[in-house]
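>>> Just to be clear, the model below is a prediction. Sequence and coordinates:
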Amino acid sequence: MSSTSVDQGAVLERPPRGSKPLNYLNISHGLRSWLLTVDHKRIGILYLISVTLFFFLGGAMAVGIRLELASPQGDLLAAETYNKLFTMHGVVMVFFFLIPSIPAVFGNFLVPMMIGARDVAFPKLNLLSWYVFITGGTLTLIAMVAGGVDTGWTFYAPYSTTYANGWVVLTGVGIFITGFSSILTGLNFIVTIHKMRAPGLTWFKLPLFIWSHYATALIMILGTPVIAITVLLVAVERLFRIGIFDPALGGDPVLFQHLFWFYSHPAVYIMILPSMGVMSELVTCFSRKRVFGYKFIAFSSLAIAVLGFLVWGHHMFVSSQSIYAGMVFSVLSMLVAIPSAVKAFNWTATLYKGSVSYQAPMIYAFGFLGLFLIGGLTGLFLSTLGTDVHLHDTYFVVAHFHFIMVGGAIMGYLGAIHFWWPKMTGRMYSEGWARFAALVIFIGFYLTFFPQFVVGYLGMPRRYHVYPEEFQILNVLSTAGASILGAGYLIPMVYLMVSLFKGKKASPNPWDAKGLEWQTPSPPPTENFPVTPVVTENPYNYPGMEDERDREADREHAPASA
Amino acid sequence: MGQQKEAATLGMWAFLVTEIMFFGGLFVGYGVYRFMYPEAFHFGSHELDIQLGAFNTGVLIASSLTMALAVRAAQTSKKKLLIIFLAATFVLGAIFLGVKVVEYSSKWDHHLVPGSHFQRPEGAPVQLQVFFAFYFMMTGMHALHMIIGAGLMIWVLYGAVKNRYHSNYYAPVEMFGLYWHFVDIVWIFLFPLLYLIGRH
Ligand code: HEM
Ligand SMILES: [Cu+2]
């Protein structure tokens, strides 16, 4: 594919062939140089390693859950062990994998590169955020080893404050501390995006990945402190019985749910928005066509961030919330689906008349589209008051959020890994294996979670380790799917590792993509760009735009690029 | 340098927004319960020492003034004044915390600290403990911020003694000032909410 666009400034300087060019990976060696690094790219790699560990830990717990559910009797695990397993699975996956996954790994790596900056605004805070993350993670792990928690990842009071056995406080402290790493990351992104853009890079020339990370960062700094104070209140209540959530003393356990979901609903957008940002990059690149409706996608990210704060009550339709509040939250929840749908439509429209190629990252992107669609649409079932009374706390809800958080967010995460792996490591992986893994993951995922919609609709409640015989077939299907899915997640581990040693050397721009990050060597030098780039073009100036509408859009953008 | 200062300022404001959300959770809880249990909250505010509260409010406002003067001194490269004003701010902060200790210990003596030690006074509503739970969480979190502020102040003061700040470089003083004013403003809300409303 020959690129017809002018390059975005004089950044294509490459060191002469033969001599080993210095890059961020080989510029210094040893553990110390990594643990004390303030290079955003290295910090991204540190996060990559840590969240991968958490992912497989959380995955191992899921294996236990699914094995137990293969039979209707509680034969493999005691009820209490089962409760602990699903709690810790949720805690690890949500707070230690999904929330940091794309922002802390790819956001850290790419935000400065995509805006032509040398680093984030506060590199030392960036490193601090990783240490904070590791400290919080370690404390939570200690809590798990010491005996675990069984409250569910939602920590509902008064269960968590009064009745639960286990290490609620220590787990809470772990989550509290980890929250600060989110806040620091969010702060860094906001300031970086505001203040460090390369000359000429106006807001509407930013890649959509940046817009989605900006929206994510807003949620991080606005939402995370609320969960921090909430967890703190739970801990204090549990330790001293001060009465804030204890009905016997006049406290109100439902207040906990309000505070918790005020953060945790927006938090689900912390998990999905970055993935949507990845999608925008993948879909345009592999359609060789400018993204359709750039401004719509950009603003829908902000709309999601804002609306996401107004819908928390949809988790409490049956928790004694007033019916009128329920109606308002129901309508607002449906509104939130609009910007999500805007994105999905725009990506689909981008494919239209594009020259679509099916390289591995794109297959993950297709996986995202298919799974997110179902996850999002079933959200509408749940936000409809009447149906939610039937579906609340059933496997339908479990399937809903797994379709989005595992189907959507992790597909996006894997798409990102495959797309930017050559940039991060300087190596190409085996394309064949990568496509194969994407397929296995998609099939395994579907088989795992689709039956859960059905079994939930039929009335199987979540969070029990025994269930009526008639649900067994669907549960066995789900467990079988989980085995395939598990295998699917392991395959990339293997070929990506192999690629590090045996992979072909990657060129600076193996996908012929348009972002600034592709205009510098792979792997990039520590300072990212030998010369600060000057941006004169719109993003996504792919050749496949000889289309009336695109040309119109081009004219529309023209004054801004003067 | 200019860009760095702009970045630091934006970062600081964003951080303060985070802080507002953090305290916001407590304020919302306070609002909800005050609405649910007006008598308990009336009763509770009568148990607080309004004189000490008012005195502390004055102390904090004064410390905001000295802090603002410290920033001004840094901007105009007046090293001696900077040190004096920072030290004054520190002393005022310490007075505030000292008074808080006196208040807390008297609550303890009267068995008003929530938990197993708590004893409801004659005729008090059941939910009095909820009022005190909020009193201690809110003022406690505020005091924690003051303590952290005092720690940071020592660091800023050290920089001032080492002559690091002058009219071209005073961002740390200014950023710290923003933080200090924020903590003061939180108290400006806490004082009426906890001590004044519900008193006749
Ligand atoms: C497209 C718009 C969405 C709508 C209208 C929606 C609606 C809902 C509703 C009404 C519930 C409550 C169901 C119940 O407990 O009875 C729910 C649960 C949930 N949703 Fe969504 N949702 C949407 C998107 C998302 C996204 C993007 C994510 C994650 C990335 C997500 C993750 C979750 C989770 C984790 C739960 C369950 C939490 C729990 O109880 O453990 N949702 N959703
Ligand atoms: Cu929600």
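Done, it's in. Ligands and ions are numbered 1, 2, ... in the order given.

>>> OK, contacts around B:L65?
Listed by Cβ atoms under 8 Å, 6 or more residues apart in numbering or on different chains, the contact set of B:L65 is empty. C-betas here are computed from N, CA, C, even on glycine.

>>> Likewise for B:L196?
B:L196 is in contact with B:45, B:50, counting by Cβ under 8 Å, 6+ apart.

>>> And for A:A349?
So A:A349 contacts A:292-293 (Cβ under 8 Å, 6+ apart).

>>> Now do it against ligand 1, distance only.
19 Å (Cβ to the nearest ligand atom, to the nearest Å).

>>> Can you name the helix or strand that that residue falls in?
Element membership for A:A349, per DSSP states H and E: helix A:323-351.

>>> so after that helix, what's the next helix or strand?
helix A:360-383.

>>> Let me know how buried the closest residue to A:N165 other than its chain neighbours is, in neighbour terms.
Leaving aside its sequence neighbours, A:N165 sits nearest to A:D150 (Cβ to Cβ, 6 or more residues apart in numbering or on different chains; 6.8 Å). Residue neighbour count, defined by other Cβ atoms under 10 Å in any protein chain shown, stands at 24 for A:D150.

>>> isn't A:D150 right up against A:K84?
Yes. Here A:D150 lies in contact with A:K84, judged by Cβ atoms under 8 Å, at a distance of 4.7 Å.

>>> Just the mean pLDDT for whichever helix or strand A:L302 is part of, thanks.
Element membership for A:L302, per DSSP H and E: helix A:294-307. Averaging pLDDT along helix A:294-307 yields 96.

>>> Not counting it itself, show me its contacts.
Identification of contacts with helix A:294-307 by Cβ under 8 Å, 6+ apart yields A:204, A:206, A:208, A:211-212, A:214-216, A:218-219, A:266, A:269, A:273, A:276-277, A:280, A:291, A:332, A:335-336, A:338-340, A:342-343, A:346, A:538-540, A:553.

>>> if you skip the residues just before and after it, what's nearest to the closest residue to chain B within chain A?
Relative to chain B, the nearest point of chain A is A:G250 (3.2 Å; Cβ to the nearest Cβ). Counting by Cβ to Cβ, 6+ apart, A:G250 lies nearest to B:Q127, which is 3.2 Å off, once chain neighbours are set aside.

>>> and the one you found, how many residues sit next to it?
Using other Cβ under 10 Å, B:Q127 has 23 other residues around it.

>>> And the helix or strand harbouring A:A487, what does it pack against?
Using DSSP H and E, A:A487 falls within helix A:472-502. Counting contacts by 3 or more Cβ pairs under 8 Å, 6 or more residues apart in numbering or on different chains; DSSP states H and E, helix A:472-502 is packed against helix A:40-68, helix A:411-425, helix A:431-457.

>>> most tightly surrounded among the ones you listed?
Of all the helices and strands packed on helix A:472-502, helix A:411-425 carries the top mean neighbour count, a mean of 25, counting by mean count of other Cβ atoms under 10 Å in any protein chain shown.

>>> Now it: average pLDDT?
Here the average pLDDT along helix A:411-425 is 97.

>>> before we move on, back to that, so the helix holding A:L302, near ligand 1 or not?
No. Judged by Cβ under 6 Å from any ligand atom, helix A:294-307 stays clear of ligand 1, getting no closer than 8.4 Å.

>>> Around the closest residue to ligand 1 within the stretch 201-350 of chain A, how many other residues sit close by?
Residue of the stretch 201-350 of chain A nearest ligand 1, by Cβ to the nearest ligand atom: A:V268 (3.2 Å). Neighbourhood size, A:V268 [other Cβ under 10 Å]: 20.

>>> Quick check: residues of chain A near chain B?
A:121-122, A:183, A:186-188, A:190-191, A:194-196, A:221-226, A:228-230, A:233, A:236, A:240-244, A:249-252, A:255, A:258-259, A:262 (Cβ under 8 Å from any Cβ of the partner chain).

>>> so what's A:V440 closest to, chain neighbours aside?
A:G488 (3.8 Å).

>>> my bad, should have said B:I83
Leaving aside its sequence neighbours, B:I83 sits nearest to B:A160 (Cβ to Cβ, 6+ apart; 5.1 Å).

>>> in the helix or strand that neighbour falls within, what's buried?
Element membership of B:A160, judged by DSSP H and E, is helix B:128-161. Neighbour counts over helix B:128-161 (16 or more other Cβ atoms under 10 Å in any protein chain shown) mark B:128-139, B:141-143, B:145-146, B:149-150, B:153, B:156-157, B:159-160 as buried.

>>> Pull out the buried members of the contacts of helix A:294-307.
A:206, A:208, A:211-212, A:214-216, A:218-219, A:266, A:269, A:273, A:276-277, A:280, A:291, A:332, A:336, A:339-340, A:342-343, A:346, A:538-540, A:553.

>>> Sort out for me which of these are in helices.
With helices taken from DSSP state H, the overlap with the buried ones among the contacts of helix A:294-307 comprises A:208, A:211-212, A:214-216, A:218-219, A:266, A:269, A:273, A:276-277, A:280, A:332, A:336, A:339-340, A:342-343, A:346, A:553.

>>> Right, and ligand 1 sits closest to which residue of chain B?
Taking Cβ to the nearest ligand atom, chain B has B:G25 as its residue nearest ligand 1, at 19.6 Å.

>>> For that residue, give me the pLDDT.
Listed pLDDT for B:G25 reads 94.

>>> Of all residues in chain A, which one is closest to ligand 1?
A:G379 (2.6 Å).

>>> ok, now which ones touch that residue?
With Cβ under 8 Å, 6+ apart, A:G379 has these contacts: A:333, A:337, A:400, A:404.

>>> what residues are shared contacts of A:D150 and A:K84?
By Cβ under 8 Å, 6+ apart, the residues touching both A:D150 and A:K84 are A:G166.

>>> any idea how far B:V28 is from the residue of chain A closest to chain B?
As judged by Cβ to Cβ, to the nearest Å, A:G250 and B:V28 stand 17 Å apart.
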